[in-house]
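**Student:** Have a look; sequence and predicted model below, questions after that.
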Protein chains: 2
Amino acid sequence: MSQPTKIATNDKFQLFTKHWSPKIVGYFNDNQIQVVKIKGEFVWHDHEDDELFIVVKGHLTIQFRDQNLEADPGEMILIPKKVEHCPKVDEEVWIILMDKQGTVNTGKVQSDKTAAAYERI
Amino acid sequence: MSQPTKIATNDKFQLFTKHWSPKIVGYFNDNQIQVVKIKGEFVWHDHEDDELFIVVKGHLTIQFRDQNLEADPGEMILIPKKVEHCPKVDEEVWIILMDKQGTVNTGKVQSDKTAAAYERI
């Protein structure tokens, strides 16, 4: 049986600086819990499952084909499966990201931002 | 197709005061995202699926049969399925709680803290 675990998310953000490089900090009902730092514009993509962005620091904008959504710390953005999206932020943003285990950050799109294997920290 | 949604979690906590009364704010890959305020001791119980406590405010202690885990804002506690647990806090704690859709807060245990139907806010 797995053990209960405390995950000190805030500490995890101190362990890396690279943007668009999700780090896995745990698994939860077949979802992967990640911490990620982003800056600039990502690539347009979608996923086969839902994705949840929880903002820890900074101001997050996610572009959708028909609107933008913005969120600050204490807020989250829920992206249903198969909805195309593209994060875009001027200043660095820290995010707790949850999506289905095995999800790749750029979906089926190949990009220099594609993170092939996620590091566990 | 579902629409992308911003969930202003911090605002949701302003909408209620009752303890041990989870409010659903969204669904994510068959999980229910809840906000809940707790104070005092809960009841010992377990669940058929994993459960995730994200601390927003206050100091959280969760008792397990062989240890206690404690967490502050910026930290989370991951409880694997079927692991018995019982939160206990002296002062009010605000939590974002995620578990499988349809999960009941006290598991199979009936208690005056059992929340039969979760309100959506």
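**Tutor:** Now that the structure is in, tell me what you want to look at. Computed from a predicted model, the values in this text were never measured in an experiment.

**Student:** Do any residues in the lengthiest strand in chain A lie close to chain B?
**Tutor:** Longest strand of chain A, by residue count under DSSP state E: strand A:85-100. Yes: using CB under 8 Å from any CB of the partner chain, strand A:85-100 reaches chain B at A:His85, A:Met98, A:Asp99, A:Lys100. Placement of C-beta: from N, CA and C, glycine included.

**Student:** Now tabulate the residues you listed in a markdown table and tack on neighbour count and pLDDT.
**Tutor:** Formatted as a markdown table, the residues of strand A:85-100 next to chain B follow (neighbours: other CB atoms under 10 Å in any protein chain shown; pLDDT from 0 to 100):
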| residue | neighbour count | pLDDT |
| --- | --- | --- |
| A:His85 | 23 | 97 |
| A:Met98 | 26 | 97 |
| A:Asp99 | 24 | 96 |
| A:Lys100 | 17 | 95 |
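
**Student:** which one of those sits closest to chain B?
**Tutor:** Taking CB to the nearest CB as the measure, A:Lys100 is the one of the residues of strand A:85-100 next to chain B closest to chain B, at 5.8 Å.

**Student:** Name the nearest residue to that closest one, sequence neighbours excluded.
**Tutor:** A:Asp49 (3.8 Å; CB to CB, 6 or more residues apart in numbering or on different chains).

**Student:** quick one, phi/psi of that neighbour?
**Tutor:** Backbone torsions of A:Asp49, given as degrees, to the nearest 10, read phi -140, psi 170.

**Student:** Then A:Gln14?
**Tutor:** Per-residue torsions, A:Gln14: phi -80, psi -10 (degrees, to the nearest 10).

**Student:** What mean pLDDT does the one helix or strand A:Ile24 maps to get?
**Tutor:** Element membership of A:Ile24, judged by DSSP states H and E, is strand A:23-28. For strand A:23-28, the mean per-residue pLDDT is 96.

**Student:** Where in chain A is the helix or strand with the lowest mean pLDDT?
**Tutor:** Here the helix or strand of chain A ranked lowest by mean pLDDT, DSSP states H and E is strand A:119-120, holding a mean of 92.

**Student:** Mind listing residues that contact that strand?
**Tutor:** Contact with strand A:119-120 is made by A:Ser21, A:Lys23, A:Ile24, A:Val25, as judged by CB atoms under 8 Å, 6 or more residues apart in numbering or on different chains.

**Student:** top of the residues you listed by neighbour count?
**Tutor:** If you count neighbours using other CB atoms under 10 Å in any protein chain shown, the busiest of these is A:Val25, which has 22 neighbours.

**Student:** Sweet, I'm off.
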